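1. Kindly generate the corresponding structure for this input.
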Amino acid sequence: MGICITERRQMPAGYGQWHPPFSGRTRSMGLAVLIAFGLAACDGGPQQTEQDQQNVPEQTSQNSRDQDQIAATDDPYLWLETVEGEDALEWVRGKNETSLARLTDDPRYEPIRAAAEKLLTASDRIPYGRIIGDEVRNFWQDETHVRGIWRRTSLENYQSNNLEWETIIDLDALAKAEDQNWVWKGADCLAPDFNRCMINLSRGGADAVVMREYDIERGAFVDGGFFLEEEKQNIDWIDANRLLIASPLDGGSKNTSGYARTIRIWERGTPLADARTIFTSEETDAFTFPLVIHRPEGVEIFVSRAPDFFHQTLYHVGADGTLKALPLPDDVNFQGLYKGRIIALLRSGWDAGGQSAPAGAAVSLPLDQLLADDLSGLEILAAPTETRAIENIAISRDAVYISMLDQVRGRLIKAQHDDNGWVQSPVALPETGSLSVVSSGHYNRQLLINFERFLEPDSLFLVEGTAAKVINAMPARFDSADYQVNQHFAISDDGTQIPYFLIVHKNAPMDGSTPTILYGYGGFEISLTPSYLSPLAIEWLKQGGAYAVANIRGGGEFGPRWHKAALNENRPRAYEDFAAIARDLAQSGLTSPAHLGIYGGSNGGLLTGATMVRNPELFGAVVSAVPLLDMLRYHKLLAGASWIGEYGDPDIAEERAWIETYSPYQNVKAKADYPPVFFTTSTRDDRVHPGHARKMAAKMIEQGHDVLYYENIEGGHAGAANLKQRAMRDALILVWFLQELKKDA
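-> Residues are numbered from 1 along each chain as shown. This next block holds a predicted model:
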């Protein structure tokens, strides 16, 4: 899942930089997601990282909003929504003390944490990077570089066994010199030489960033250069002296989700307040996004207005700054520009230009024709089938690469346009695994592609045309010979077959005693594809556990139809699917409710919270991380209003009625018999409000349920600000699962 057009965007509300602890790496996200969500991080490919407690304007303004909202409701736990309120933080510290005492005192904790940190910071990890001309840039963290270094090497050296890196920015040194808790959020660099960059720095891992202009060849920040104070914001370079900017600072404004409404052109040497506004979105829109595409053929400027996650109007910006709305379907998933042609994925079928393109198809149209409202040039690049879905698109200088899933297994197709239309050729990559585009660019013909399977470590391929060669591979982290991976299908309540992967020891007893963790997400078109197991998952298998990954509806595994099947009023379909897999695991004889745990983060935290409330009898343990849980107030908290397209609007009576049926916070009952639950979140999460987890934990504790709670004071939506914190978080979760699902140990 990944295409990097610039070196940094912010990430989407639901999934974003959340690191699933049982996945070996973080998946990057495509331009499709960037445009729809207005958010991403692409500087280093699959190994992305995640503001200290001073100078935090975003959180301070949130506290003010919190106080206004508290006066408008009788929720007895609403005081916990005041993120940095003294009483709320005292409550957090008390719960943390209890949780840490229980988990870190377990003799299994320290060996697990140390092993996880060792693997997460290992020097033989693949240094995923982005090809920039004849060099590769990479962001790297290890034991020495805890915050990380941004570095570069030549493309030739990158393919060798003796890598020699030149440091561009040492984030540990910068943070120490400036006495700031900087977390790397990537860099936007100006094509075609990519020397001038806007560096994006977050305090403690929040989405809000400080942006500072940096000159790579000089190795220094630019005196008097472009600079933006901390905010949730995005920029793109028009040229060396102009930025296209979406920021609420100095004359900008915010929408109800906390993101910028205005798009401005900012000239070098002028105050931001004087920047010319070319577009202002509606206050209720989810995102407004600047996009400048630099290609060898020229530069094209666009603005995307997204009323929600899955609808947008794409505007072309002319040389005089005027905007022209392109006549595309309002739910189109814009992918980019290739040799004068718009490339897009369709969420719905489209009849235009004498063509009938199905939902899920990849299509192209000449930009000059679109500007004249002419749709006759519509062409289909690729179409889905019943089992095959187009995951996303990568665009290089010379070709368009189409990443597909066939029964949740990846393949890559190269497409080029000639006088007869689009010509497809398969890329020579392994089959039956996961493919992720690590790097593609409009000025490069090469791509970097990552390939992996659950039990087969990552291999990095350099792709040119249809040829692919391995240039790096991660060593195996454990002996996988005794384990197997199988794809199974559970039958959901409406008769739909729901696939899931199961990783288990070949000789696992079929007497219902195997401790098993079921992981799921089920939202925002996100696909859960095979990825090499993380240190946490490896340790879980070594402890005799099994691990299952659910491909439930709401995800993108089978294209738009799979996502739409659990959208809005159909959201419970995802929970029914998840419960069906739980039943299937128990009925198989592998495990039983007492030994079955479920895990999910962000939207997946809502999944596990809702499924626990609906079907408590199916599980022995539940982890709900950085979750949404109060679904009647989610749209009033931080970025929540931007997700109305996924869940519905609680302020509309009809939609509130469906949400009320599953919202965990409203449906949890004192007399119900729930399994033990572990809630985790981050104080610095400025995307999914920590109040969700705080309030749910407080309510369930008062009701008398078995609840553990841990809140990282930094870390943002990822839940961890660096690899050491990630190792700690993962070890806490694993020890808790061992305590609850393997009580005989």
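2. from here on, contacts and neighbour counts on C-alpha atoms
-> Will do.
3. any weak-confidence spans in this structure?
-> The model of the chain has pLDDT under 70 over residues 1-73, 714-721, 744-745.
4. Spit out the contact partners of Glu539.
-> If you count contacts by C-alpha atoms under 8 Å, 6 or more residues apart in numbering, Glu539 has them with Ile112.
5. Quick check: buried residues in the helix or strand it falls within?
-> Using DSSP states H and E, the element containing Glu539 is helix 535-542. Buried residues in helix 535-542, counted by 16 or more other C-alpha atoms under 10 Å: Pro535, Leu536, Ala537, Ile538, Glu539, Trp540, Leu541.
6. try stretch 456-464
-> Counting neighbours by 16+ other C-alpha under 10 Å, stretch 456-464 gives Glu456, Pro457, Asp458, Ser459, Leu460, Phe461, Leu462, Val463, Glu464 as buried.
7. What's the separation between Leu536 and Phe737?
-> Separation of Leu536 from Phe737 (C-alpha to C-alpha, to the nearest Å) stands at 11 Å.
8. Equivalent analysis for Glu539, please.
-> Look at Glu539 and Phe737: by C-alpha to C-alpha, they are 12 Å apart.
9. any idea where the strands of the stretch 101-250 of the chain begin and end?
-> 129-132, 135-140, 149-154, 166-170, 182-189, 196-203, 209-215, 220-221, 227-231, 234-239, 242-246 (DSSP state E, counting those that start in this stretch).
10. would you turn these into TSV with mean neighbour count and distance to Pro515?
-> Below are the strands of the stretch 101-250 of the chain laid out as TSV (neighbours: other C-alpha atoms under 10 Å; distance: least, C-alpha to C-alpha, whole Å):
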stretch	mean neighbour count	distance to Pro515
strand 129-132	25	37
strand 135-140	23	35
strand 149-154	20	39
strand 166-170	16	43
strand 182-189	26	36
strand 196-203	25	38
strand 209-215	22	41
strand 220-221	16	52
strand 227-231	19	44
strand 234-239	23	44
strand 242-246	24	48
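11. nearest to Thr683, of these?
-> strand 196-203 (12.0 Å; C-alpha to C-alpha).
12. and the angle for that closest one with strand 182-189?
-> Strand 196-203 and strand 182-189 meet at an angle of 160 degrees, taking axes from the mean of the first three to the mean of the last three C-alpha atoms, to 10 degrees as the criterion.
13. strands paired with strand 196-203, and their directions?
-> strand 182-189 (antiparallel), strand 209-215 (antiparallel) (DSSP bridges).
14. Tabulate those strands in a markdown table, adding columns for distance to Pro530.
-> Shown next, in a markdown table, are the strands paired with strand 196-203 (distance: least, C-alpha to C-alpha, whole Å):
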| stretch | distance to Pro530 |
| --- | --- |
| strand 182-189 | 26 |
| strand 209-215 | 32 |
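15. Asp320: which of these is closest?
-> It's strand 182-189; of the strands paired with strand 196-203, that one is closest to Asp320 (C-alpha to C-alpha) at 24.0 Å.
16. Just tell me which of the strands of the stretch 101-250 of the chain ends up closest to Ser364.
-> Across those, closest to Ser364 is strand 234-239 (C-alpha to C-alpha), at 23.6 Å.
17. strand partners of the closest one, parallel vs antiparallel please.
-> Strand pairing (DSSP bridges) places strand 234-239 next to strand 242-246 (antiparallel).
18. what comes into contact with the partner strand?
-> Under C-alpha under 8 Å, 6+ apart, the answer for strand 242-246 is 233-238, 252, 260-268, 288-292.
19. Name the next helix or strand downstream of it, please.
-> Following strand 242-246 in sequence, per DSSP H and E, is strand 262-267.
20. ends of stretch 332-343, how far apart?
-> Taking C-alpha to C-alpha, stretch 332-343 runs 10 Å from one end to the other.
21. Got phi/psi on Tyr665?
-> phi -60, psi -40 (degrees, to the nearest 10).
22. which one of the strands of the stretch 101-250 of the chain lies closest to Ala639?
-> strand 227-231 (13.0 Å).
23. Need the residues that contact that closest one.
-> Counting by C-alpha under 8 Å, 6+ apart, Pro57, Glu58, Ser202, Ala208, Val209, Val210, Met211, Arg212, Glu213, Ser247, Pro248, Leu249 sit against strand 227-231.
24. and those as CSV, adding distance to Arg130?
-> CSV is the format used below for those (distance: C-alpha to C-alpha, whole Å):
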residue, distance to Arg130
Pro57, 32
Glu58, 31
Ser202, 21
Ala208, 24
Val209, 22
Val210, 22
Met211, 20
Arg212, 20
Glu213, 19
Ser247, 26
Pro248, 30
Leu249, 30
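25. Can you name the residues that contact the residue lying farthest from the centre of the chain?
-> Here the centre of the chain is the reference, and by C-alpha atoms, centre = their mean the most remote residue is Asp419, at 38.3 Å. By C-alpha under 8 Å, 6+ apart, no residues touch Asp419.
26. What distance do you get for it to Asp134?
-> In terms of C-alpha to C-alpha, Asp419 sits 31 Å off from Asp134.
27. hmm, back to that, which single one of the buried residues of stretch 456-464 is nearest to Gly620?
-> Within these, distances to Gly620 taken as C-alpha to C-alpha reach their minimum at Glu456, with 29.9 Å.
28. which one is that closest one nearest to, not counting chain neighbours?
-> Spatial nearest neighbour of Glu456, excluding adjacent residues (C-alpha to C-alpha, 6 or more residues apart in numbering): Tyr532 at 6.0 Å.
29. same deal with Glu297?
-> Lys339 (6.8 Å).
30. Any idea how many residues pack against that neighbour?
-> For Lys339, the neighbour count with other C-alpha atoms under 10 Å is 16.
31. domain assignment for the protein?
-> Structural domains annotated on the chain: 57-116+511-741, 134-231, 235-321, as defined by automatic domain parsing.
32. okay, these in a markdown table with distance to Glu379 next?
-> Converted to a markdown table, the domains of the chain look like this (distance: least, C-alpha to C-alpha, whole Å):
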| stretch | distance to Glu379 |
| --- | --- |
| domain 57-116+511-741 | 19 |
| domain 134-231 | 29 |
| domain 235-321 | 19 |
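33. out of those domains, which comes closest to Pro384?
-> domain 57-116+511-741 (7.8 Å).
34. Return the distance of the nearest residue to Ala362 once chain neighbours are set aside relative to Met700.
-> Distances taken as C-alpha to C-alpha, 6+ apart place Leu345 nearest to Ala362, at 4.5 Å, with adjacent residues excluded. Distance, Leu345 to Met700, using C-alpha to C-alpha: 43 Å.
35. still on that earlier bit, nearest approach to Phe619 belongs to which of the strands of the stretch 101-250 of the chain?
-> strand 182-189 (36.7 Å).
36. So what angle separates the directions of the closest one and strand 135-140?
-> 160 degrees.
37. and the angle for strand 182-189 with strand 149-154?
-> Between the axis of strand 182-189 and that of strand 149-154 there is an angle of 40 degrees, by the same axes, to 10 degrees.
38. tell me how far strand 182-189 is from the chain's mean position?
-> Here strand 182-189 is found 16 Å from its chain centre; the criterion is C-alpha atoms, centre = their mean, to the nearest Å.
39. what's the answer for stretch 249-264, then?
-> 23 Å.
40. Now it: buried residues?
-> 249, 252-264.
41. From start to finish, how long is it in a straight line?
-> One end of stretch 249-264 to the other measures 11 Å (C-alpha to C-alpha).
42. and if you look at stretch 316-324?
-> For stretch 316-324, by C-alpha to C-alpha, the gap between its terminal residues amounts to 5 Å.
43. which residues sit against it?
-> Ile278, Glu300, Ile301, Phe302, Val303, Tyr315, Ala325, Leu326, Leu371.
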